[in-house]
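[1] Provided below for reference: sequence and predicted model.
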Amino acid sequence: MKAIQITEERKMALVEIDNVNELKPGEVLLKMEYVGFCGSDLSTFLGKNPMVKMPVIPGHEVGATIVEVGSEVPEGLKPGMTVTLNPYTNCNKCASCRNGRPNACKDNQTLGVQRDGAMREYLVMPWEKVIPAGLLTPRTCALVEPMSVGFHAVSRAQVTDIDVVLVIGCGMVGMGAIVRSVLRGATVVAADIDDDKLALARRMGASYTINSMTEDVHTRLLEMTGGFGPDVVIEAVGSAPTYQMAVDEVAFTGRVICIGYAKTDVSFQTKFFVQKELDIRGSRNAMPSDFRAVIHYLERGTCPVDKFISMECSPEEAPKAMEKWVEAPGKVFRVLVRF
């Protein structure tokens, strides 16, 4: 069967891999319909993802159809169903798993990162990682995982309706954080360097937007919050300046939630950690409840799904689509491959 493989830095190819053989007990055979390229796949393509060993099949944002189920699979999973995937593994032995947080498993292997991913015609998965998608189309399903990461960050922040939440970065993950914060009744401020993304953030429910390239972030935030600063800052970019901004701008006794991986060392005024008595929390991947919450939200039909899909392509067109993304990374939400 066909699969997309990143063979080395800046090189991608359509390859033939072995077809699926007989299913083992507890396994489900899936036909890939749509698979999204995400930021980690872009980093892999550029040779900047230290967690990946080349060559690798990328992809973990999935809209699929069940083709066949093996023995010992619950009756709720049937051929023909539209599903998405929880693409993370968990060992059930480490401290994270022991503490009921398998999303942060010490030995996690995400599809397309630490192991070959979903950019192929068919994929076999354990039934526990297959998530029924209700009324969603396979195309919309490919947006569920990245939005779930943003939803999970809001859960980590324990956002409530009396909070002002600053979301730094209005990509797919940041948009998920905006949506979930709005659903919880918070007042949301979205910060980015792209006016089109900021306009979409307002459409998604952000009360305020800040272009951090053209506006004074500190002054604007003080104006919006009566001089206090935001109660919660969610960092969804992964850069030294945005990490520093999060700590500098959050209110005293506020919460800083870190999603993005900064590619360089970050210097902090550590006095703020103490003086502000900050809660600084990491947020990794997503929990099953976050996936369900995103599906529930998308089933409403109010999300402008088409605005989040920047490009669609066939497997044969994927290398050219990735090169276009490299040329304008800040303008792209998601590239979907149609299988």
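    Now that the structure is in, tell me what you want to look at. Numbering: from 1, shown residues only.
[2] Show me which strand runs longest in the chain.
    Ranked by residue count, the top strand of the chain under DSSP state E comes out as strand 27-37.
[3] For that one, name the packing helices and strands.
    Here strand 27-37 touches strand 61-69, strand 82-85, strand 122-126, helix 138-141, helix 318-327, strand 334-338, going by 3 or more C-beta pairs under 8 Å, 6 or more residues apart in numbering; DSSP states H and E. C-betas here are computed from N, CA, C, even on glycine.
[4] Listing partners with orientation, what would you give for the first one?
    When you say that, I think you mean strand 61-69. strand 27-37 (antiparallel), strand 82-85 (antiparallel) (DSSP bridges).
[5] still on that earlier bit, would you tell me what the next helix or strand after the longest strand of the chain is?
    helix 39-45 (DSSP states H and E).
[6] report the angle between the axes of the longest strand of the chain and strand 122-126?
    Strand 27-37 and strand 122-126 are oriented at 120 degrees to each other (axes from the mean of the first three to the mean of the last three C-alpha atoms, to 10 degrees).
[7] list the buried ones in strand 27-37?
    27-30, 32-37 (16 or more other C-beta atoms under 10 Å).
[8] Distance from the chain centre to that strand, please.
    17 Å (C-alpha atoms, centre = their mean, to the nearest Å).
[9] ok, now stretch 205-212?
    20 Å.
[10] Check stretch 168-175 too.
    The answer for stretch 168-175 is 9 Å, by C-alpha atoms, centre = their mean.
[11] pLDDT (mean, whole number) over it?
    For stretch 168-175, the mean pLDDT works out to 97.
[12] That stretch: end-to-end distance?
    10 Å (C-alpha to C-alpha, to the nearest Å).
[13] and if you look at stretch 6-20?
    Counting by C-alpha to C-alpha: the opening and closing residues of stretch 6-20 are 21 Å apart.
[14] Just the buried residues of that stretch, please?
    6, 12, 20.
[15] Just name the lowest-scoring one in the residues you listed, pLDDT-wise.
    Lowest confidence among those: Val20, with 85.
[16] ok, now how distant is it from Glu68?
    9 Å (C-beta to C-beta, to the nearest Å).
[17] which residues are common contacts for the two?
    Leu29 (C-beta atoms under 8 Å, 6 or more residues apart in numbering).
[18] So His60 is in contact with Thr89, correct?
    No: contact criterion C-beta atoms under 8 Å: His60 and Thr89 do not qualify, at 11.3 Å.
[19] Between the two, tell me which one has more neighbours.
    His60 (25 against 17; other C-beta atoms under 10 Å).
[20] what sits against that one?
    Counting by C-beta under 8 Å, 6+ apart, His60 has contacts 38, 85, 87, 110-113, 117-118, 145.
[21] just to revisit the earlier point, tell me the most buried of the helices and strands packed on strand 27-37?
    strand 82-85 (a mean of 25; mean count of other C-beta atoms under 10 Å).
[22] Now the next helix or strand after it: buried residues?
    Reading on from strand 82-85 to the C-terminus, the next helix or strand found by DSSP H and E is helix 95-98. Neighbour counts over helix 95-98 (16+ other C-beta under 10 Å) mark 96-97 as buried.
[23] same check, this time on stretch 243-253
    Within stretch 243-253, judged by 16+ other C-beta under 10 Å, the buried ones are 243-251.
[24] Would you format the residues you listed as a markdown table with distance to Arg334 and pLDDT included?
    Shown next, in a markdown table, are these (distance: C-beta to C-beta, whole Å; pLDDT from 0 to 100):
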| residue | distance to Arg334 | pLDDT |
| --- | --- | --- |
| Tyr243 | 24 | 97 |
| Gln244 | 28 | 97 |
| Met245 | 25 | 98 |
| Ala246 | 25 | 98 |
| Val247 | 30 | 98 |
| Asp248 | 31 | 97 |
| Glu249 | 28 | 98 |
| Val250 | 29 | 98 |
| Ala251 | 33 | 98 |
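[25] Now intersect those with the helices, please.
    243-249 (DSSP state H).
[26] could I get these as a markdown table with distance to Phe339?
    Output for these, formatted as a markdown table (distance: C-beta to C-beta, whole Å):
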| residue | distance to Phe339 |
| --- | --- |
| Tyr243 | 37 |
| Gln244 | 41 |
| Met245 | 39 |
| Ala246 | 38 |
| Val247 | 43 |
| Asp248 | 45 |
| Glu249 | 43 |
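[27] and of those, the nearest to Glu316?
    Relative to Glu316, the closest of these is Tyr243; by C-beta to C-beta it sits at 39.2 Å.
[28] who's in contact with that closest one?
    Here Tyr243 is in contact with 235, 258, 262, 266, 268 (C-beta under 8 Å, 6+ apart).
[29] Chain neighbours aside, what residue packs nearest to it?
    Val266 (4.7 Å; C-beta to C-beta, 6 or more residues apart in numbering).
[30] Could you check the pLDDT of that neighbour?
    94.
[31] does it sit in a helix, a strand or a coil?
    coil (DSSP: H, G, I helix; E, B strand; the rest coil).
[32] Now name the helix or strand holding the residue positioned nearest the centre of the chain.
    Nearest to the mean C-alpha position of the chain, by C-alpha atoms, centre = their mean, lies Pro146 at 2.5 Å. Element membership of Pro146 [criterion: DSSP H and E] is helix 144-157.
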